[in-house]
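S.K.: would you be able to build a 3D model of this:
(chains A and B)
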Amino acid sequence: MIATLVQDIERHARLGPRALEGWLHDRQFPVVEGRTVTFVFRGHVDEVKLRHWIHGLATALPFHNVPGTDLWFLAIDVPEGSRLEYKLEVVSRGEHRLIQDPLNKNLASDPYGVNSVVYGNGYQVPEWSIPDPEARPGEIVEHEIVSHALGTKKVQVYLPARFRRSRRYPLLVVHDGVDYVRYAALKTSLDNLIHRLEIPSMVVALIQSQDRLREYADDPRHADYLARDLVPQLETAFPLVGKPSARALAGASFGAVASLAAAWRYQGFFDRLMLQSGSFAFTDIGPHDRGPVFDPVVRFVNAFRRNPGKPATHMYLSCGVYESLIYYNRSMVPLLERAGLEVKYSEAHDGHNWENWRDRLREGLSWLYPGPLWMVYE
Amino acid sequence: MHSARVVLLGPQRLHRTLSHAVDSLRAHGMVAAVTAGWEEREGEDQEMREHLGGRTVNLRIWERAEDVMARDPELARALRDRQDRLREQHELYRMRLVHAIEAARELLRREPTPGREEMLEAERAGAIEAVRDLDEFHLRRVSLIHREFEAEWVPVERDAVARHRHELAQILDTCECVCVAGGHVVVLLHRLRLFDALQIFGHRPIVAWSAGAMALSERVVLFHDSPPQGQGVAELYDEGLGAYGGVLPFPHAKKRLRLHDQRRITLLARRFAPDRCIALDPMTRMDWDGHRWHGEPGTLRMHEDGMLVQAGTP
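M.R.: Below is the predicted model:
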């Protein structure tokens, strides 16, 4: 079938621009057939490459040109259920440009820009991450935290629909929380999952750092900020349960490191952790090769692996199999289980990106805080 | 004790059929409302009140139960203790149930060997019977906990409870029918049970939906086929108040159950037979007239062959 598609491309290309135009007109690209994804690019350029972030594949995969035409294509094998973010590297007269795929309207955003995205066979955007008109929306308010450790900080706080001062809510603190809302549909997902009773109504602190690579890399000031400033002040300002079992930390990448490091430094204070694609680089021997920004991370993870203690009772851990971090995350699971934590670990055919983190929110949040789904029938 | 007339409705939040149901009972006077399943939001019944033209009086069952716990700490401790026993009983039941259900599901998934269909069917019947036996055993254990509690504490004779029961009876004297809303089914069930509410409702017709319909049935079944955690095994939670028998309500069935999965539907229907499993979705309605059930067109029940059929058909 793939040979047929490629042959079709070549045949129509040879028939001339008009025939090719007509053939391409009604088609969506990339074409996904079973495990094969075929990318197409048109342009009078010297080279086209697929730039992606899949660990294990060459980072730049060259397209093939149909001789005598401006048409380029590339077919690659992608496992079912995958999500693949990419850009095209177009080389023309010695100039290299990274662009979104002009023939693909599916895009994914992150703080660094916008990527094209292709969905492998069987992948679906989770319906609970899409606004549901039946779900009552929560609201996000701003709150100021006076921190001895990090100075005064503004924090956004998600309050669930039908928030009542007379109730007590569990607390979730999300590192890069504003980005989670913007790029991983966190607010929509919270609204929907609460509406569906899959998680309880909760208060969510969306914290953001201007210096995350430093503060999130086991900076003791950050742990102090969470345990001594942020949580106590939130527990004063909002009707929170105020017990370890109702305090959770979450984060992705360095945010996961910050969550684990804070919970490790303040054992018994936070009971629940959701760590996504944690940058848990460690070394068993010799130096690491991830650059100086990882120095404090590796020091922390090495120390943690030697003496994990019990940073929480429940932990949700997830990672994409296309991430270079997959080895580190997989290595954490037996360690955490031996330390007596109840661990739920999940992998996805995805990379180090926000939509991967979005797609795991239902599983992760409901593991931290199971909702009253079985008991409430409204 | 079954009530004289019961109407079960689909969820009311987005598709209100309550006022039509109340009118159809020729109840033109005051309507007693139970919203205890909404817990601390019990009093936020303005939409219901407006929907019924202002002729409702909220029985404030949740608030009354809170008052009883505050006034009678001894009883409150006993209620908590009973709750702990029920919780543990349920955990133990669940440990056995997941295995029993998995065996039945696996046999239902298996294709019969041509010419030997009877062999597989006998095993399937045996596996489903094992689940039914387990449900029955669990219900007996739960019933024992309730009987022991009732015998030791006789809650309706405690001053704090008796005072509220007296007030409830006075309020109900002015009402022609009772409507019981959904919410947290266990909270609703326990609080109605504390006041022996069904006895106070007397022979007034009852309109109930969602958790309200579940709490008033003879058996309370908790269910969800696709929970974010766990396998989605329906659980028999407790005895219901028994305002009616013969059907088991499954509110929000379209959202909570995989209704297209014939094996799952077969298992539910056979497990709880002879009770009829009713998909109580929005705009549906079942009527008990004191003698038999009538299903409004579009109200579906789960058939043992795995299909959904009109609730009124045999």
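S.K.: what segments of the stretch 201-350 of chain A are strands?
M.R.: A:203-207, A:247-252, A:272-276, A:314-320, A:342-348 (DSSP state E, counting those that start in this stretch).
S.K.: same thing with the stretch 101-250 of chain B?
M.R.: B:175-180, B:183-184, B:206-209, B:219-222, B:235-239, B:247-251.
S.K.: can you count the residues close to the residue in the stretch 201-350 of chain A that chain B sits nearest to?
M.R.: Closest residue of the stretch 201-350 of chain A to chain B, CB to the nearest CB: residue A:344 (8.1 Å). All C-beta spots, glycine's among them, are computed from the backbone N, C-alpha and C. Other residues within reach of residue A:344, judged by other CB atoms under 10 Å in any protein chain shown, total 18.
S.K.: coming back round to it: nearest to residue A:121, out of the strands of the stretch 201-350 of chain A?
M.R.: Across the strands of the stretch 201-350 of chain A, the minimum distance to residue A:121, taken as CB to CB, is reached by strand A:342-348, at 14.7 Å.
S.K.: anything in the helix or strand just after the closest one near chain B?
M.R.: Note on strand A:342-348: by DSSP states H and E, the next helix or strand toward the C-terminus is helix A:354-359. No. Against chain B, helix A:354-359 shows no contacts by CB under 8 Å from any CB of the partner chain, the least distance being 12.7 Å.
S.K.: need the contact partners of helix A:354-359.
M.R.: With contact meaning CB atoms under 8 Å, 6 or more residues apart in numbering or on different chains, helix A:354-359 is reached by A:83, A:85, A:108-110, A:117, A:125-126, A:129, A:179-180, A:183-186, A:189, A:252, A:276-277, A:318, A:320, A:348, A:350.
S.K.: let me see the ranges of the helices in the stretch 151-300 of chain B.
M.R.: Assigned by DSSP state H, counting those that start in this stretch, the helices in the stretch 151-300 of chain B fall at B:159-173, B:185-194, B:197-201, B:211-216, B:253-256, B:262-272.
S.K.: and those as a markdown table, adding mean neighbour count and distance to chain A?
M.R.: Output for the helices of the stretch 151-300 of chain B, formatted as a markdown table (neighbours: other CB atoms under 10 Å in any protein chain shown; distance: least, CB to the nearest CB, whole Å):
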| stretch | mean neighbour count | distance to chain A |
| --- | --- | --- |
| helix B:159-173 | 16 | 21 |
| helix B:185-194 | 24 | 5 |
| helix B:197-201 | 21 | 18 |
| helix B:211-216 | 31 | 4 |
| helix B:253-256 | 19 | 8 |
| helix B:262-272 | 21 | 16 |
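S.K.: and the residue in the stretch 151-300 of chain A that chain B sits nearest to, which of the three is it?
M.R.: The nearest approach of the stretch 151-300 of chain A to chain B comes at residue A:198, 4.9 Å away (CB to the nearest CB). Three-state assignment for residue A:198 (DSSP: H, G, I helix; E, B strand; the rest coil): coil.
S.K.: run through the residues that contact it.
M.R.: A:128, A:362, A:365, A:366, A:371, A:373, B:227, B:228.
S.K.: same thing but 6 Å
M.R.: A:366, A:371, A:373, B:228 (CB atoms under 6 Å, 6 or more residues apart in numbering or on different chains).
S.K.: next: residue B:225.
M.R.: Going by CB under 6 Å, 6+ apart, residue B:225 touches B:232, B:257, B:258.
S.K.: which of those has the most neighbours?
M.R.: Top of the contacts of residue B:225 by neighbour count (other CB under 10 Å): residue B:257, with 22 neighbours.
S.K.: and the pLDDT for residue 192?
M.R.: As the question left the chain open, I've gone with chain A. pLDDT for residue A:192: 98.
S.K.: to clarify, I was referring to chain B.
M.R.: According to the prediction, residue B:192 has pLDDT 98.
S.K.: residue A:47 against residue A:91, yeah?
M.R.: Yes. Using CB atoms under 6 Å, residue A:47 is in contact with residue A:91, at 3.8 Å.
S.K.: what would the strands of the stretch 101-250 of chain B look like in TSV with distance to chain A?
M.R.: Shown next, in TSV, are the strands of the stretch 101-250 of chain B (distance: least, CB to the nearest CB, whole Å):
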stretch	distance to chain A
strand B:175-180	12
strand B:183-184	5
strand B:206-209	9
strand B:219-222	5
strand B:235-239	7
strand B:247-251	5
